[in-house]
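coordinates only, sequence not included:
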């Protein structure tokens, strides 16, 4: 079991607004966003004021934060009063349009440390169709250019599913990242309540990840299963519910980006007495912190590091933490391709760190 401490410095994912101008079929937060709108700026500031000492960094995702004028005010407030807190934005590209708004976004580049731009296909028509918006691809490219203009090294973030994990698409996406001096981050699609797409097969996942390991440089395999399997240097325990958490647009706090149903909601930032330094012992967080390594995983050579794999995948696929990761090749009797010799990123430019250790994700450099 993980030790339950009260001196945790948290990485936070914050869905500041429920607003979104696109309609992705793989959106894991659609239902949660339908139930909320936006936390008032005064409440958001109150939360930060009382908990800043326990916050390492914040990534704003879930919904499109740049649609909210209050979001621009919040990041400026945090940068001014709590500059130690690093801030990141995950955007579908709307930042390129929103920054033209009068006054609200004037100094945004001074307040954001990292930007992830969502691009699933390096083909305009396919990406626009997937995102349900005719300008999605053009806006995403404009935002990549905007990052370069403002001295921010961007990351292209893609969702991994059957159509995106083909060698052809990965090759094109990696080239796009190279052209824009960007990193590449990949999240495997999760089968949440509102997702209308099937999770990718184990064959598809390993084929795509193996291709990336053979053709890109590893920045971080921040996923307990794939890190343990492929990276001899991997020693990270998963952060979900341990040192990372999620704030939903209704103010609810959950231990995971993907575990956002009522049974996983704990406290709320509307509560003026809510303190992050007491959160680790709350019921929804304790369920993860006190989960033992699954019996079926105990004899595995990777057990102490992998600990059964990604928490959210296990819950979403099996509704329990007593079973191992659905993509574990040993449990699924799947013969993985020959493990490639990894090329590690040399650190020649500052790499993205806010998502590293925040949620199970894979980060590469061209």
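Alright, I've got the coordinates. Source: prediction; values computed, not measured.

which SS class is residue 364?
With DSSP: H, G, I helix; E, B strand; the rest coil as the basis, residue 364 sits in strand.

wait, I meant residue 253
strand.

and the helices in the stretch 251-366 of the chain?
For the stretch 251-366 of the chain, applying DSSP state H, counting those that start in this stretch gives helices covering 283-289, 303-306, 311-318.

quick check: which of the ones you listed is buried the most?
The highest average neighbour count among the helices of the stretch 251-366 of the chain, using mean count of other CB atoms under 10 Å, belongs to helix 311-318 at a mean of 21. (Glycine included, C-beta is placed from N, CA and C.)

how much space separates the residue nearest to residue 138 when sequence neighbours are not counted from residue 93?
Closest residue to residue 138 apart from its sequence neighbours, by CB to CB, 6 or more residues apart in numbering: residue 124 at 7.1 Å. According to CB to CB, to the nearest Å, residue 124 stands 12 Å off from residue 93.

higher neighbour count, the two?
Neighbour count, other CB atoms under 10 Å: between residue 124 and residue 93, residue 93 has more, with 28 against 15.

quick check: closest non-adjacent residue to the more buried one.
Distances taken as CB to CB, 6+ apart place residue 139 nearest to residue 93, at 3.2 Å, with adjacent residues excluded.

helix or strand right after whichever strand or helix holds that neighbour?
Per DSSP states H and E: residue 139 is located in helix 136-149. Sequence order places strand 154-160 as the next helix or strand after helix 136-149, per DSSP H and E.

which stretches of this protein form strands?
Assigned by DSSP state E, the chain shows strands spanning 10-14, 55-60, 86-91, 114-118, 154-160, 183-188, 217-222, 244-247, 253-254, 361-365.

format the ones you listed as TSV; extra columns: mean pLDDT.
Output for the strands of the chain, formatted as TSV (pLDDT from 0 to 100):
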stretch	mean pLDDT
strand 10-14	96
strand 55-60	97
strand 86-91	97
strand 114-118	97
strand 154-160	97
strand 183-188	96
strand 217-222	95
strand 244-247	95
strand 253-254	96
strand 361-365	97
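
so which of those comes closest to residue 292?
Ranking the strands of the chain by proximity to residue 292 (CB to CB) places strand 244-247 first, at 20.3 Å.

packing partners of that closest one?
Counting contacts by 3 or more CB pairs under 8 Å, 6 or more residues apart in numbering; DSSP states H and E, strand 244-247 is packed against strand 10-14, strand 253-254.

tell me which of those strands sits most buried.
For the helices and strands packed on strand 244-247, the highest mean count by mean count of other CB under 10 Å goes to strand 253-254, at a mean of 24.

what's next to it, contact-wise?
Strand 253-254 has contacts (CB atoms under 8 Å, 6 or more residues apart in numbering) with 245-248, 260, 264-269, 274, 279, 284.

and the residues you listed, which two are furthest apart?
Of all pairs in the contacts of strand 253-254, the most separated under CB to CB is 260 and 274 at 17.6 Å.

which of the two has more neighbours?
Applying other CB under 10 Å to residue 260 and residue 274 shows that residue 260 carries more neighbours, namely 25 against 19.

as JSON lines, the helices and strands packed on strand 244-247 with distance to residue 58 would be great.
Compiled in JSON lines, these are given as follows (distance: least, CB to CB, whole Å):
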{"stretch": "strand 10-14", "distance to residue 58": "5"}
{"stretch": "strand 253-254", "distance to residue 58": "13"}
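
between the ones you listed, which one is nearest to residue 143?
Set against residue 143 and scored by CB to CB, the helices and strands packed on strand 244-247 come closest in strand 10-14, at 19.3 Å.

roughly how far is the closest one from the heart of the chain?
10 Å (CA atoms, centre = their mean, to the nearest Å).

need the pLDDT of residue 196.
On pLDDT, residue 196 comes in at 68.

point out where the stretch 51-200 of the chain drops to low pLDDT.
Along the stretch 51-200 of the chain, the parts satisfying pLDDT under 70 run over 99-106, 193-196.

rerun that using 90 as the cut-off
The model of the stretch 51-200 of the chain has pLDDT under 90 over residues 62-63, 96-108, 153, 191-198.

in the stretch 251-366 of the chain, where is pLDDT below threshold?
Short version for the stretch 251-366 of the chain, where the test is pLDDT under 90: 257, 260-262, 266, 277-282, 336-339, 346-352, 357-359.

of all the helices and strands packed on strand 244-247, which lies closest to residue 209?
strand 10-14 (22.5 Å).

tell me the strands beside that closest one, with direction?
Note on strand 10-14: by DSSP bridges, its sheet partners are strand 55-60 (parallel), strand 244-247 (parallel).

residues in contact with that strand?
So strand 10-14 is contacted by 54-62, 239, 243-247, 257, 276, 279, 354, 357-359 (CB under 8 Å, 6+ apart).

PyMOL command for the buried members of those?
In PyMOL, the members of the contacts of strand 10-14 classed as buried (16 or more other CB atoms under 10 Å) are selected with the following command:
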select buried, resi 54+55+56+57+58+59+60+61+62+239+243+244+245+246+247+257+276+279+354+357+358+359
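
out of the strands paired with strand 10-14, nearest to residue 172?
Comparing these by CB to CB, strand 55-60 comes nearest, at 25.8 Å.

between that closest one and strand 114-118, how many degrees?
Using axes from the mean of the first three to the mean of the last three CA atoms, to 10 degrees, the direction of strand 55-60 lies 30 degrees away from that of strand 114-118.

and strand 55-60 with strand 86-91, angle?
Angle between the axes of strand 55-60 and strand 86-91 is 20 degrees (criterion: the same axes, to 10 degrees).

begin at 49 from here
Let's use 49 as the start, then, which means that last one is strand 103-108.

now do strand 103-108: everything it contacts.
57-64, 96, 119, 123, 126, 130, 133-138, 161-162, 164, 324, 401-403, 406.
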